[in-house]
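>>> Whatever this is, show me its structure:
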Amino acid sequence: MSKLLIAAFGDSLTVGFQSPTREDPRYRETPYADFLMEKMGGKADFVVKGVSGELTEDMLRRYDKDVLSLNPDYVVILGGTNDLGWSVELSAIMSNLYYMYKTALDAGIIPVAVSVPSLRGYDPLIAPRVELNSMIKEAAKGLNIPFADYFTASCETPVQRLAIEYSNDGLHLSTKGYELLADVIYKDVFSKIIFREV
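The predicted structure is shown next:
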């Protein structure tokens, strides 16, 4: 089997941004794609196309250049966290994500829909995340595309806050958080694909 080409597309959670801490004051980037590439044991090459701070509307503007023009086998799409922070309507966020999923499919690229993580420190913003993730899951089901549920894997039940070990600042992920993101995407999506195609 030839190597897969996988594009990781999104915002700071795709970049792998980590907020500095007192224990580790350096700026760090630990993209989940690095951990995912290790898990796939040389069966895939990754290109990371993340831009910190972007809304899904911003992602759309560079989608053709950063994803479609590369013609990857898969594109992992993780977006919507910043939209929620700016109170963008859920229907608008979902419309942008759906467009990315559908356009990828039309181009012969398999999109992977990923649920946005929860957060810590501001509980009122958890409910919109739950609702958006439900919409993402339904869209993935309707389009028959893979779905990776990072929200459920990384939150504390029953409060649904982002578990403290997975974030340094309550919003961005820690190294452990990015490792878990890679674990979830591998388990929910790529482990099945590799085992089926080998």
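
>>> Just give me the residue right at the centre of this structure.
Note on the chain: the residue nearest the mean C-alpha position is L78, at 2.9 Å, using C-alpha atoms, centre = their mean.

>>> hey, what's that one bridged with?
When bridges are taken as DSSP bridges, the partners of L78 come out as G10.

>>> And what about R120, helix, strand or coil?
Look at R120: counting by DSSP: H, G, I helix; E, B strand; the rest coil, its state is coil.

>>> Tally up the residues packed near it, please.
Taking other C-beta atoms under 10 Å as the neighbour definition, R120 ends up with a count of 18. (Glycine included, C-beta is placed from N, CA and C.)

>>> Against M59, how distant is the closest residue to it other than its chain neighbours?
Using C-beta to C-beta, 6 or more residues apart in numbering and skipping residues adjacent in sequence, the residue nearest R120 is G170, 3.7 Å away. Using C-beta to C-beta, to the nearest Å, one obtains 23 Å as the distance from G170 to M59.

>>> which one of the two has more residues nearby?
Set side by side, G170 and M59 show unequal neighbour counts under other C-beta under 10 Å, the larger going to M59 at 28 against 14.

>>> which parts of the strand or helix carrying K65 are buried?
Element membership for K65 (DSSP states H and E) is helix 56-66. By neighbour count on 16 or more other C-beta atoms under 10 Å, the buried set for helix 56-66 is 56, 58-60, 63, 66.

>>> Those residues into JSON lines, with extra columns for pLDDT?
What follows is these, written out as JSON lines (pLDDT from 0 to 100):
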{"residue": "T56", "pLDDT": "98"}
{"residue": "D58", "pLDDT": "97"}
{"residue": "M59", "pLDDT": "98"}
{"residue": "L60", "pLDDT": "97"}
{"residue": "Y63", "pLDDT": "98"}
{"residue": "D66", "pLDDT": "97"}
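
>>> Dump the residues you listed to TSV, plus distance to T157.
TSV is the format used below for those (distance: C-beta to C-beta, whole Å):
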residue	distance to T157
T56	27
D58	33
M59	30
L60	34
Y63	34
D66	35
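
>>> Identify, from those, the entry nearest to E38.
Top of the list for closeness to E38, among the buried residues of helix 56-66 and by C-beta to C-beta, is D66 at 23.2 Å.

>>> Go ahead and confirm the closest one touches A8.
No. With contact taken as C-beta atoms under 8 Å, D66 and A8 are classed as non-touching, separated by 10.4 Å.

>>> Identify the residues contacting A33.
6, 8, 14, 16, 46, 48, 76, 182 (C-beta atoms under 8 Å, 6 or more residues apart in numbering).

>>> Please list all residues in contact with the nearest residue to V51 once chain neighbours are set aside.
Leaving aside its sequence neighbours, V51 sits nearest to D11 (C-beta to C-beta, 6+ apart; 6.4 Å). D11 makes contact with 50-54, 59, 78-79, 81-82 under the criterion C-beta under 8 Å, 6+ apart.

>>> Now rank the residues you listed by neighbours and give me the top one.
Highest neighbour count within the contacts of D11: M59, with 28 neighbours (other C-beta under 10 Å).
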